[in-house]
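S.K.: Structure for this input, please:
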Amino acid sequence: MAASWSMGPGTLEVPMSLFAKNRTRLVEKLKPGQVVVLQGGESIPHYDTDIEYVFRQEAYFTWLCGVREEGCFFALDVGTSKSYLFIPRLPKEYEVWMGKLHTCEDFKRMYAVDEVHYVDEIQTILKGLNPDVLLTLSGPNTDSGLTAKEAVFEGIDEFKVDNEILFPVIAELRVIKTPEEIEVMRYVVKVSSDAHKQVMLFAKPGLMEYQCESIFLDHCYRVGGCRHVSYTCICGSGHNAATLHYGHAGAPNSKLIQPGDMCLFDMGGNYAGYAADITCSFPANGKFTPDQKLIYEAVLFARDAVIEAARPGVMWPDMHLVANRAMLEHLKKGGLLKGDVEEMIKLLNAAKNNPEQSKFFNWEVVDRFSGFGGVRIEDDVLITETGVENFTFVPRTVAEIEDFMANGANFK
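M.R.: Modelled structure (predicted):
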């Protein structure tokens, strides 16, 4: 039976061939004589205690081999396409606390790799490959500004190492998904969409924001097998919805939801290292006020305009401007703005005390929205030659949201 990655009955079985195909794609972009070496993630303790954070594997390492365990290394010989997994050599006492020790043969079978050795053998095995150069991973994450962790092991200084070639190649490959990867993403977005719908049915004034978060987490894990979410859940209600990354330790989704609040819930499950990222915005009591509808539909129309415009070759800044124009036109119709939309685009970061910018705002109407919070709509989509396939399936129009929250689970 072919090896696969899954969380048991009812969850998606991810074939290990998905990761083998990723390796093949990488080999095609590199040269014989090069050996890729990646270091997996390490378990992290809670400060000075013997308790550890729930382990999550490093993303590039996952992409290449799908290995879940911590403390591993992985090597890929470009010339032969052979894969080498290196696992920690754990003491026998490990079994008392952590369960059965898997052998190298067990790991080879689980992850469908060519060879498995212990980490303390990595120098010897790599020397046997006689590489011209080891390619290690080092490059910036443009969201966080942090740098990918470069592989380091005892004896690496005896090899010629290049840490510049690999990162741009592997980062670009991760942007273009294979059919197998797309199936995993469809699954995790479906699970996350269903979890958001459960939250919409549960949410109401009088609940704490974190109680809504717990419904999302429960569905993703209990139904979808997603042990992890892709980021800290953002469950903002009322004015909190205007804080982009609400939900952090200083504001842990801890407000009481009030009548009349808009809810902005930004949450996504994670399965086999593949992430969903979905935001739903809706009124806590299930019925939009005219002002809430105005703001919500401005964002929805922008979303729709971007989905209509997105194609291979379209630049991100162009889609950004498409979204801005759609929102500004709608807000102008709703009386919040006045004047020429193209002029507004040039002065989008408007300030009330700047006469050149202030002239576009109808401040009597705008001030009515003070404390409103915010609206965000996020979907996970696949860009194809013919347009966009939206993996996200949640109520989106005002009518859909109101009907779903009133009548329950007919939205499928």
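
S.K.: Which parts of this protein belong to which domain?
M.R.: 4-175, 179-407 (automatic domain parsing).

S.K.: could I have whatever helix or strand Leu38 lives in exported to CSV, CA atoms only?
M.R.: Take DSSP states H and E as the rule and Leu38 turns out to sit in strand 34-39. Only the C-alpha atoms of strand 34-39 are listed here, as CSV (Å, rounded to 0.1, in the frame of the first residue of the first chain):
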residue,chain,number,x,y,z
GLN,A,34,24.6,19.8,-5.9
VAL,A,35,23.1,18.3,-2.8
VAL,A,36,20.2,20.1,-1.0
VAL,A,37,20.4,19.9,2.8
LEU,A,38,17.5,21.2,4.9
GLN,A,39,17.2,21.2,8.7
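
S.K.: Now do the residue nearest to Pro140 when sequence neighbours are not counted against Trp316, distance only.
M.R.: Of all residues not flanking Pro140 in the chain, Thr147 sits nearest, at 5.7 Å (CB to CB, 6 or more residues apart in numbering). Any C-beta I mention is one placed from the backbone N, CA and C, and that applies to glycine too. For Thr147, the distance to Trp316 equals 23 Å [CB to CB, to the nearest Å].

S.K.: Equivalent analysis for Tyr111, please.
M.R.: Distance from Tyr111 to Trp316, by CB to CB: 36 Å.

S.K.: For Met327, give me the pLDDT.
M.R.: For Met327, the pLDDT comes out at 95.

S.K.: just the CA coordinates of whatever helix or strand it lives in, formatted as CSV?
M.R.: Met327 belongs to helix 316-333 when elements are defined using DSSP H and E. Only the C-alpha atoms of helix 316-333 are listed here, as CSV (Å, rounded to 0.1, in the frame of the first residue of the first chain):
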residue,chain,number,x,y,z
TRP,A,316,-0.7,42.6,-7.7
PRO,A,317,-0.6,46.5,-7.6
ASP,A,318,-3.2,46.6,-10.4
MET,A,319,-5.6,44.3,-8.4
HIS,A,320,-5.0,46.5,-5.4
LEU,A,321,-6.2,49.5,-7.4
VAL,A,322,-9.2,47.6,-8.7
ALA,A,323,-10.2,46.9,-5.2
ASN,A,324,-9.7,50.5,-4.1
ARG,A,325,-11.8,51.9,-7.0
ALA,A,326,-14.6,49.5,-6.3
MET,A,327,-14.7,50.4,-2.6
LEU,A,328,-14.5,54.1,-3.2
GLU,A,329,-17.2,54.1,-5.8
HIS,A,330,-19.5,52.3,-3.4
LEU,A,331,-18.7,54.5,-0.5
LYS,A,332,-19.3,57.6,-2.7
LYS,A,333,-22.8,56.2,-3.6
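
S.K.: Okay, helices next: where are they in the stretch 251-400 of the chain?
M.R.: 290-309, 316-333, 341-346, 355-358, 363-366, 398-407 (DSSP state H, counting those that start in this stretch).

S.K.: Let's have those in a markdown table, adding mean neighbour count and distance to Phe202.
M.R.: As requested, the helices of the stretch 251-400 of the chain are arranged in a markdown table below (neighbours: other CB atoms under 10 Å; distance: least, CB to CB, whole Å):
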| stretch | mean neighbour count | distance to Phe202 |
| --- | --- | --- |
| helix 290-309 | 18 | 20 |
| helix 316-333 | 16 | 29 |
| helix 341-346 | 14 | 39 |
| helix 355-358 | 12 | 41 |
| helix 363-366 | 12 | 33 |
| helix 398-407 | 15 | 10 |
